[in-house]
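> One predicted model, sequence on top.
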Amino acid sequence: MITVKYYGPLRRLTGMPEEEIEANRVSEIIKAIGKRHGKEAAKEAEKCFIMVNGRNAALLNGFRTPLKSGDLVQIIPLTGGG
Amino acid sequence: MMKPRYAVIDLTTGQVTNYPISEEMVAMYLGGKALAARILYDELKPGTDPLSPDNILIINTGPMNGTGAPSSSRFNLSTRNVLTGGIASSNCGGTFGVKMRKAGYDGVIIKGKAAQPSYIEIIDGEIAIRDASHLWGLNTEETQHRFDNRYGMLVIGPAGENLVKYACAVSGERVAGRCGVGAVMGSKNLKALVAYGTQEIPVHDRQGFKRYIKEWVDFLRSHQSTGQDLGLYGTSGFLNKCNASGILPTHNFKEGSWDKADMLSGQHLAENYLTRNSGCISCPIRCERRVMVEGKEVKGPEFETVGLLGSNIENSDLGLINLWNYHIDLLGMDTISLGGTLAFAMELQEKGIKDFGLKFGETGNIMDAIYKIAYREGDWGELADGTKTLSERYGGKDFAIHSKGLELASYDPRKAVGMGLGYATSNRGACHLNGGYTAILEAIGAVPVDPITTKGKPELTVFLQNTLEAVSTAGFCLFTAMTMISGFAFKLKPSGKIVGLMGGCMLSARFLLRGIWNKLPGAMPFNSKYFLPHVEAVNLVTGLKMTSGNFLQIGERCYNLERLFNMREGLTGKDDDLPARLTGIPSDPQNPDTVVKVKEMLPLYYRTRGWDKEGVPTEEKLKQLGLTR
């Protein structure tokens, strides 16, 4: 099981701060979010930073980044700033 | 080109004289911190005690201040650094700089010490030194209320009067926070400067400038970073991202993330405390937070304050941080150095080295401690000397989180190692901005570069340090440089492979960035709104004909000159370092690379800068930049 934590609008769309999801890749997390919480939530997740155990998935293997049980996935809105 | 007007104000004798600035000096240094570094290097006797009457304090502007260019109210204070002994430059977005220019002066050079508390009045080209006995002891808000509210003001609070080493100067509610510039004012018996006037700010091509500014403001408004996010969530908007990336300082930088960090985020602030956003003069970005404290609307805390008075001391109550932030500003202290020093004192207690009665996670006595520090009263008064001095007095140097004496800003650099190199080499001490702010790319921004690798980090750090230096020197806020990360990147999926590849390309540019500095300005013979929109704006205001290459070379020149200043004051390459906690203890125990390998990165950093193996600028480099020792 993967622990998935939500921030920003996703917390509102899913109605929860975190949940457990069974998945082998980041893309499967997005799919599961769509199934559980609707298309809008899945779309929002794609627009966010997806951090796998503290590393940006973009620097791993993007949406194909493999996951294993016990991993932490944090989905955080993209914000510029300084 | 109009030559800037500078005055020398000798507080000991009361004399005011003109200080000539040549056109050549403007072309080489523009203004702000670069021109101030030149003047300090020429005028300040090496070895001068920062708090002695012989120290010189320069308060100056750049050519853009008051022109109406976006985010151009930033003015500068430079002096010998109270905390590091090297150069100090502290930047502020308050109204004083613009008002000083409208009063007829681009900068003042303050020497000596007044016999009694005094303030300097600059009204329509006339400078007078006035008695401030009735203001001494007042906080920064009370002091400013005593003046005509049309004035631009720069004042100190009780902390500056009591020579707290990290005392700041305050203009409106904006702060020149770092390096103890408020203590230097206090040491001169200088409570305040006020300025007012109606003179026109010179602009070389007013029509062309007006057109260009409109285009630039539209561009800033269309970019997600400067047009949307900073206005919505302020500087704490990326706090959750910092936490998830492992760079949010926690427990005196022992850890890089905290399970309660969400309670401190810009989003949490927006939902629970924000009354509205605001901003500096002529700034379309509007990053300032307004919050209610003690029944009135005041400035909210910045990201640095939230991190260092939040996770770093294990406090998750953002309401308390709003309150402390307000009182720290009233007293006139730097929230970064103060937060860092409190955390260090807490760890001294935890390790049984020295008990100041301050504990991680306990917030009940913090307000009391803040006041005692500002007035240097009791045991807590000792904390007014800062982390470095405390570690020399009691021990704990391994976890005394400073570089050269200046406490680190709110980014743990072990998972943003370029930021670590920036902290270690920053001329004013461990400052994220003077250090190049590489963390924006490594852990925060839309185009991520690998945060752990040392590859490409020296080159990227030099590039960013020189760029930010140039932007600051002209009088702009550094946030105007945020658009260097293309708006296109914000339209992509932030965790897709494409942005990952873009980040990889950025690191691959290291070979180009390594060699470019010896080929400036010719190697960048262009101007572009998408790269550095500042350059054309400066040209239209000054009549100079700079390219991006000229502009970046001004940044490089300033960095080298500040380095020369530091070396003359006894700092060497050995001071380009970080505490052992950050260089020797991995942030992630499973990953030995999550440390800042300063020694590994320094040789290439020095080479990229054209410095020798000891970090000394070579004669060839100085000649190239037109600098003399």
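On my side now, so go ahead.
> quick one: contacts for residue B:621?
B:560, B:609-611 (Cβ atoms under 8 Å, 6 or more residues apart in numbering or on different chains). Where C-beta positions appear, they are placed from N, C-alpha and C, glycine not excepted.
> do that again at 10 Å, thanks
For residue B:621, the contact set (Cβ atoms under 10 Å, 6 or more residues apart in numbering or on different chains) comprises B:517-518, B:556, B:560, B:609-612, B:627.
> Need the max-distance pair from the residues you listed.
B:556 and B:612 (16.5 Å; Cβ to Cβ).
> These two: which has the busier surroundings?
Between residue B:556 and residue B:612, counting by other Cβ atoms under 10 Å in any protein chain shown, residue B:556 is the more crowded of the two (24 against 14).
> Helix, strand, or coil at that one?
Following DSSP: H, G, I helix; E, B strand; the rest coil, the label given to residue B:556 is helix.
> Tell me if I'm right that it and residue B:626 touch.
No: Residue B:556 is beyond contact range of residue B:626, at 11.1 Å (criterion: Cβ atoms under 10 Å).
> List the residue ranges of chain B that fall below the pLDDT cut-off.
Regions of chain B meeting the criterion pLDDT under 70 are absent.
> Repeat the analysis, applying 80 as the threshold.
Across chain B, residues meeting the criterion (pLDDT under 80) sit at B:1-2, B:629.
> Likewise for chain A?
Residues of chain A meeting the criterion pLDDT under 80: A:79-82.
> quick one: residue B:84 from residue B:404, how far?
From residue B:84 over to residue B:404 the distance is 4 Å, taken as Cβ to Cβ, to the nearest Å.
> again, but for residue A:56
31 Å.
> Which of these two has more residues huddled nearby?
residue A:56 (27 against 24).
> I'd like to know the beta-bridge partner residues of that one.
Per DSSP bridges, the residues bridged to residue A:56 are residue A:51.
> Do I have it right that it meets residue B:448?
Yes: counting by Cβ under 10 Å, residue B:448 is a contact partner of residue A:56 at 4.8 Å.
> what residues are shared contacts of the two?
A:49, B:245, B:442, B:494-495, B:499-500, B:503.
> could you dump the residues you listed to a markdown table with neighbour count?
Listed next are these as a markdown table, based on neighbours: other Cβ atoms under 10 Å in any protein chain shown:
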| residue | neighbour count |
| --- | --- |
| A:49 | 26 |
| B:245 | 28 |
| B:442 | 28 |
| B:494 | 25 |
| B:495 | 29 |
| B:499 | 25 |
| B:500 | 22 |
| B:503 | 23 |
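> Tell me the one of these nearest residue B:154?
residue B:442 (34.6 Å).
> Does that closest one touch residue B:417 like I think?
Yes: counting by Cβ under 10 Å, residue B:417 is a contact partner of residue B:442 at 7.5 Å.
> For chain A, which segments count as strands?
A:2-6, A:18-21, A:48-52, A:55-56, A:72-77 (DSSP state E).
> Which residues are in contact with residue B:387?
Contacts of residue B:387 by Cβ under 10 Å, 6+ apart are B:83, B:165-166, B:252, B:337, B:340-345, B:396-397, B:399-402, B:405-408, B:579.
> if you set the cut-off to 7 Å instead, what comes out?
B:340-341, B:344, B:400-402, B:407 (Cβ atoms under 7 Å, 6 or more residues apart in numbering or on different chains).
> Likewise for residue B:28?
Residue B:28 sits next to B:557, B:626 when contact means Cβ under 7 Å, 6+ apart.
> SS state for it?
Assignment for residue B:28 (three-state DSSP): helix.
> Output stretch B:415-430 as CSV, restricted to C-alpha atoms.
The C-alpha coordinates for stretch B:415-430 follow below in CSV (Å, rounded to 0.1, in the frame of the first residue of the first chain):
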residue,chain,number,x,y,z
LYS,B,415,18.8,18.2,-0.2
ALA,B,416,19.6,21.3,-2.3
VAL,B,417,23.4,21.2,-2.4
GLY,B,418,23.8,24.0,-4.8
MET,B,419,22.1,26.2,-2.2
GLY,B,420,24.7,24.9,0.2
LEU,B,421,27.5,26.1,-2.0
GLY,B,422,25.7,29.4,-2.3
TYR,B,423,25.5,29.8,1.4
ALA,B,424,29.1,29.0,1.9
THR,B,425,30.4,31.4,-0.7
SER,B,426,27.9,34.3,-0.2
ASN,B,427,29.8,37.5,0.5
ARG,B,428,27.5,38.7,3.3
GLY,B,429,27.3,35.3,5.0
ALA,B,430,24.8,32.5,4.7
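> And it, what's buried?
B:415-430 (16 or more other Cβ atoms under 10 Å in any protein chain shown).
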